[in-house]
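S.K.: model this:
(chains A, B, C, D, E, F, G and H)
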Amino acid sequence: MGIIITVNGKKETIEENTRISDFLASKKLNPDKVVVEYNQDILNRENFENSVLWENDVLEILRIVGGG
Amino acid sequence: MGIIITVNGKKETIEENTRISDFLASKKLNPDKVVVEYNQDILNRENFENSVLWENDVLEILRIVGGG
Amino acid sequence: MGIIITVNGKKETIEENTRISDFLASKKLNPDKVVVEYNQDILNRENFENSVLWENDVLEILRIVGGG
Amino acid sequence: MGIIITVNGKKETIEENTRISDFLASKKLNPDKVVVEYNQDILNRENFENSVLWENDVLEILRIVGGG
Amino acid sequence: MDDLFELGEKKMKSRLIIGTGKYSSDALIPNIISESGSQVITVALRRIDFDSKTDNILDHIPEHVQLLPNTSGARNASEAIRIAKLAQAAGCGNWIKIEVISDNKYLLPDGFETIEATKALVKDGFIVLPYISPDLMVAKRLEDAGAAAVMPLGAPIGSNRGLRTRELVRILIDEIDLPIIVDAGLGKPSHACEAMEMGADACLVNTAIAGADNPGTMARAFAKAVQAGREAFLAGPGATSEFASASSPLTGFLE
Amino acid sequence: MDDLFELGEKKMKSRLIIGTGKYSSDALIPNIISESGSQVITVALRRIDFDSKTDNILDHIPEHVQLLPNTSGARNASEAIRIAKLAQAAGCGNWIKIEVISDNKYLLPDGFETIEATKALVKDGFIVLPYISPDLMVAKRLEDAGAAAVMPLGAPIGSNRGLRTRELVRILIDEIDLPIIVDAGLGKPSHACEAMEMGADACLVNTAIAGADNPGTMARAFAKAVQAGREAFLAGPGATSEFASASSPLTGFLE
Amino acid sequence: MDDLFELGEKKMKSRLIIGTGKYSSDALIPNIISESGSQVITVALRRIDFDSKTDNILDHIPEHVQLLPNTSGARNASEAIRIAKLAQAAGCGNWIKIEVISDNKYLLPDGFETIEATKALVKDGFIVLPYISPDLMVAKRLEDAGAAAVMPLGAPIGSNRGLRTRELVRILIDEIDLPIIVDAGLGKPSHACEAMEMGADACLVNTAIAGADNPGTMARAFAKAVQAGREAFLAGPGATSEFASASSPLTGFLE
Amino acid sequence: MDDLFELGEKKMKSRLIIGTGKYSSDALIPNIISESGSQVITVALRRIDFDSKTDNILDHIPEHVQLLPNTSGARNASEAIRIAKLAQAAGCGNWIKIEVISDNKYLLPDGFETIEATKALVKDGFIVLPYISPDLMVAKRLEDAGAAAVMPLGAPIGSNRGLRTRELVRILIDEIDLPIIVDAGLGKPSHACEAMEMGADACLVNTAIAGADNPGTMARAFAKAVQAGREAFLAGPGATSEFASASSPLTGFLE
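M.R.: Model prediction:
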């Protein structure tokens, strides 16, 4: 059974017990190159492995881009 | 015996029981052409006759001048 | 038999013995509102009646227009 | 007996038979660093030795200076 | 039909507001008002100096003219509010030009304090005309606060430097739904004319008139220039082009 | 007493000369003349086109106005002279604006040929008003040749770019003892106003008026702006300053 | 001895900060950095788009360069603070360019919110560089709030319109005791050069370089122009004069 | 491959020509030449003053530099020709800057005499670089006469007023098929930079460098600014826009 979370403003269904590190891996994202806001709090990289996603969690996954 | 009041930032000695209308007259000021702040409150012209000055009172007497 | 003259840069065939005043009339031009150069010389209005056109004559007929 | 010449707009008395090279030397001028106009003609440097000054001769002696 | 300038529930023909400071004598002012055709006139408030006999400037200003006292001297919102109320009590009515300045070298206005003063005075029923830097976000907040107009500077007060802030004033004109009155720094009629051509609603001029050798003539000149600029704005100017475009027919008769 | 503009033995109140080119209909011209108050009006000469019925522009110009035909289309002095004489024969009188142009992209005048034409036409009794680049030495030679004024360009003809040549025009104003009439390129009233403030004697405007959405209003705007600039010049503007200078008394009552 | 630019405890030779937005490919950026010689580089933060594979821009920025993330997208202080902290967490360090904008047409900054964000972020240990309108009182409050510099705009972001705000920027340079970095609107090297000649401490350029046909060459051009302007400022320019002054000796030999 | 400046059969890297007038001592000149990187240097000719011992300026100019004597002091073509030949005889080679001036207040050049001198000197084998007003028809005649370049003024000589004639210089750049060298009036590096951005081929600077507090630094600043302007011209600047255009991605994550 999956759970539904919100990632960058869109609903997404993932498997239960997915850790954030797993989720990033599933998206082929290098954890060193992103910043993650987890339910409005900034999550340190060292906690990506510890943090398990739950129903209705909200993730913002951002990266650095060109800007002026 | 006189009392001391502050007028436009300067100490001045006046007689007791001087009304504001008297004071203006003593300065040859037309009451219709000035505005008076009496102990930080604006005083309506109709009250110039009623208001008696007391020791340590503070008056600001202002007029309209050219400005940009 | 006609003769050929040049008017404002174009060849034109007219009847022999045409006076300039006749020519202007044929074009419905008010002689007071034009200026005529006849073989490079400016022609006074009083001479429009006297001047007869000949083969190869060159006329410039000009008027005043808007300009800056 | 001296002769009078005009040098750079001023009269000057010099000895007879003075050559231009002599004159420049008397002024401590390096002939390679000046240009000489002799009676309105430009004089080549190789002719400084040959040219003898006469009464009423006019010399312009110029040099290169800073300019914009 | 007529092109009238609406400001604070008044409708006026004149779009030139003039100040009354810096004149050698207040007696000159009636002529300046007359030559300028101004219908709104700024004045200031000052402590009476008992040692010098002075005119009352209001004696020189015709009844039909709208007084616009300013809060010159105020360094923060509360001082501005205090001056506004004194001016009202002095008989100047309920219009007020907010001027909050703590910088004495360039006399540049303080947007924060100006907004605070505007909020308070609008609530107290004043028609509030704030003098501002040409800052869009300040102007937007003043619009929200109920200001009757915004008055961006063209250059520092009294500098006669002209419409140096045109880049930012044009943006206010484009973005703010209030009358834009260019105030301060306009030194010559052509400066005011340009401001009006850009779409400003009015201009406020003091030093450039008061400091002219002949202030009356200069007042008339500004009045005409403001009208000219307004009419040009209404007339819809043609486009500019990089190249020339003949104004006479070029297809000549000359070969 | 009055400030009159002297040009070619005429004395006029108006310092705005207008052109009559580029109007959609000549019937608009009387209104433009009236709104502008102009007393000198430029016209051009053209071959009649027998295929198209056209108005006579002179029917639209009031008698009291001074005609100023131009030599538009002339590429050298002799063509300009020829056109000047034709214009005279056509009833335009003896005033002539010399315009000698061989550059079709920017329509910039040819100073050499203009001087030659001026010399010849002055001898023939014309009042000669040459259109020129703002070149001091050309203007001096025209002064020597007997021109009645010089007419430097502000920007290319019809470009509406404004008084881009102010640096050189100011020098002509300073150095040339003839009326200086800024001609060409003035696109808005503020441009003409600035030229007059600098001390120009008059302005000539065509495209900016003819090309406006509402030419009549624009004509009036230019008329006022030219007057404003002239009056400002006469009124003697005050100095500019780097810093501010208070227009209200700052010695406040607030402690 | 050397003229170094001190900013946020760094001392740098380069006074040109460049942005990295608007490039067709991030792979161009190393060359731009190298040509510009810039030692501070702005970046932004954005949601990852899972549907499009994209480069990581940090892979293209050399280690020795100071990153300067901006808060682009923030409409108020709290959003700016949130973005600043995310940027820090993303590895950008503790420098932050505050950019709070709610006007989408001209992208003009909001001084009030910028001051609030600056106060908070300075307390949190950030080196804060706020992007502002050239408003003196805003700049003074930012100085009080502990900003490391102020960055007034020359013209709207990305407009390439140049140093249109010079009148107000010169006042900031005169009155504010922080580095003044002109940011936004500089469209050509001469604009940046002029800003530096006036005494600005540095310039920030993005669009003018990224939008050039050849960005690498344009980056080099801006670098040289900024150096030229700085050196001219240090060299002490001579005065300007209304008249000419011969540069060659005029006392000629010709009579 | 390289962007070289072709002038009179020379190909040079430097596009900055410097003058040597107005220095307190000729001994400063080697440093100025070195800092400027200039490959063409102007000099003048003067009567020797027997009463004052003076340096020879040529001792201070390296061999590899091209001398460009000017005809300063000439009031007409024949004087200019005479000076040109004297300069050649003095060892300056066959390059000559024609400068014919009879106006002592603004030092504006005489186009007519300049053309005559150019014709004669081209026939005599000189490489002729005439100093001119920015007049298109004069420039065209000089092109026909065989000039190697034209050198329009930016403002009066020595005035440091900048590129005031940009409106007319841009037309020369567009229309004349010769190198355009902006000469005179450039007061700051940004002025020279702008001229180069517009497409001028080179700049000639004297007073702005010689009159700086630190001429060596100013020479270097001008050198960089000229390079910056040239590179910007070659890099193809982007367009300007009336509105803003974000340089950071605005589609934010903030809701």
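
S.K.: Roughly how far does the closest residue to chain E within chain A sit from chain F?
M.R.: Closest residue of chain A to chain E, C-beta to the nearest C-beta: A:G68 (19.2 Å). Where you see a C-beta, it was placed from the backbone N, CA and C, and this is true even at glycine. Distance, A:G68 to chain F, by C-beta to the nearest C-beta, to the nearest Å: 32 Å.

S.K.: Please report the number of neighbouring residues for that residue.
M.R.: For A:G68, the neighbour count with other C-beta atoms under 10 Å in any protein chain shown is 29.

S.K.: centre of the chain versus stretch E:34-46, how much separation?
M.R.: 10 Å (C-alpha atoms, centre = their mean, to the nearest Å).

S.K.: Could I have the CA atoms of that stretch written out in CSV?
M.R.: Output of stretch E:34-46 as CSV, limited to C-alpha atoms (Å, rounded to 0.1, in the frame of the first residue of the first chain):
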residue,chain,number,x,y,z
SER,E,34,-1.5,85.9,-10.6
GLU,E,35,1.2,85.3,-13.2
SER,E,36,1.3,81.6,-12.4
GLY,E,37,-2.4,81.1,-12.4
SER,E,38,-1.9,78.6,-9.6
GLN,E,39,-4.9,77.5,-7.6
VAL,E,40,-2.9,75.6,-4.9
ILE,E,41,-0.2,77.4,-2.9
THR,E,42,2.1,75.9,-0.4
VAL,E,43,2.9,77.7,2.9
ALA,E,44,4.8,76.7,6.0
LEU,E,45,4.5,77.1,9.8
ARG,E,46,7.0,78.9,11.9
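
S.K.: And the strands in the chain?
M.R.: As the question left the chain open, I've gone with chain A. A:2-7, A:10-15, A:35-38, A:41-43, A:58-66 (DSSP state E).

S.K.: that's the other chain; I wanted chain E
M.R.: Counting by DSSP E, the strands of chain E are E:5-7, E:10-12, E:16-19, E:40-47, E:66-69, E:95-98, E:127-132, E:151-152, E:181-183, E:202-205.

S.K.: closest to A:V52 out of those?
M.R.: Taking C-beta to C-beta as the measure, these were each checked against A:V52, and strand E:127-132 came out nearest at 54.0 Å.

S.K.: what about the closest one and chain F, touching?
M.R.: No. Using C-beta under 8 Å from any C-beta of the partner chain, strand E:127-132 stays clear of chain F, coming no nearer than 10.7 Å.

S.K.: picking that back up, turn the strands of chain E into JSON lines, columns for mean pLDDT, distance to chain G and mean neighbour count.
M.R.: Below are the strands of chain E laid out as JSON lines (pLDDT from 0 to 100; distance: least, C-beta to the nearest C-beta, whole Å; neighbours: other C-beta atoms under 10 Å in any protein chain shown):
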{"stretch": "strand E:5-7", "mean pLDDT": "96", "distance to chain G": "25", "mean neighbour count": "18"}
{"stretch": "strand E:10-12", "mean pLDDT": "96", "distance to chain G": "30", "mean neighbour count": "14"}
{"stretch": "strand E:16-19", "mean pLDDT": "97", "distance to chain G": "21", "mean neighbour count": "30"}
{"stretch": "strand E:40-47", "mean pLDDT": "94", "distance to chain G": "21", "mean neighbour count": "25"}
{"stretch": "strand E:66-69", "mean pLDDT": "96", "distance to chain G": "23", "mean neighbour count": "22"}
{"stretch": "strand E:95-98", "mean pLDDT": "98", "distance to chain G": "14", "mean neighbour count": "28"}
{"stretch": "strand E:127-132", "mean pLDDT": "98", "distance to chain G": "9", "mean neighbour count": "27"}
{"stretch": "strand E:151-152", "mean pLDDT": "98", "distance to chain G": "11", "mean neighbour count": "28"}
{"stretch": "strand E:181-183", "mean pLDDT": "97", "distance to chain G": "13", "mean neighbour count": "29"}
{"stretch": "strand E:202-205", "mean pLDDT": "98", "distance to chain G": "17", "mean neighbour count": "29"}
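
S.K.: any chance of those in JSON lines, with distance to E:G229 too?
M.R.: Below are these laid out as JSON lines (distance: least, C-beta to C-beta, whole Å):
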{"stretch": "strand E:5-7", "distance to E:G229": "13"}
{"stretch": "strand E:10-12", "distance to E:G229": "16"}
{"stretch": "strand E:16-19", "distance to E:G229": "10"}
{"stretch": "strand E:40-47", "distance to E:G229": "17"}
{"stretch": "strand E:66-69", "distance to E:G229": "21"}
{"stretch": "strand E:95-98", "distance to E:G229": "22"}
{"stretch": "strand E:127-132", "distance to E:G229": "20"}
{"stretch": "strand E:151-152", "distance to E:G229": "16"}
{"stretch": "strand E:181-183", "distance to E:G229": "10"}
{"stretch": "strand E:202-205", "distance to E:G229": "8"}
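
S.K.: Could you list the low-pLDDT ranges of the chain?
M.R.: Picked chain A for this. Residue ranges of chain A with pLDDT under 70: A:1.

S.K.: not what I meant, chain E
M.R.: Residues of chain E that meet the cut-off, pLDDT under 70, sit at E:1, E:53-55, E:250-255.

S.K.: what residue is smack in the middle of it?
M.R.: The residue lying closest to the centre of chain E (C-alpha atoms, centre = their mean) is E:L204, at 2.2 Å.

S.K.: Does it touch E:V182 like I think?
M.R.: Yes. With contact defined as C-beta atoms under 8 Å, E:L204 and E:V182 form a contacting pair (7.1 Å).

S.K.: got any residues that touch both of these two?
M.R.: Common contact partners of E:L204 and E:V182 (C-beta atoms under 8 Å, 6 or more residues apart in numbering or on different chains): E:M151.

S.K.: Quick one: name the residues of chain A near chain G.
M.R.: Counting by C-beta under 8 Å from any C-beta, chain A sits next to chain G at A:8-9, A:27, A:29-30, A:32-35, A:37, A:42, A:44, A:60-68.
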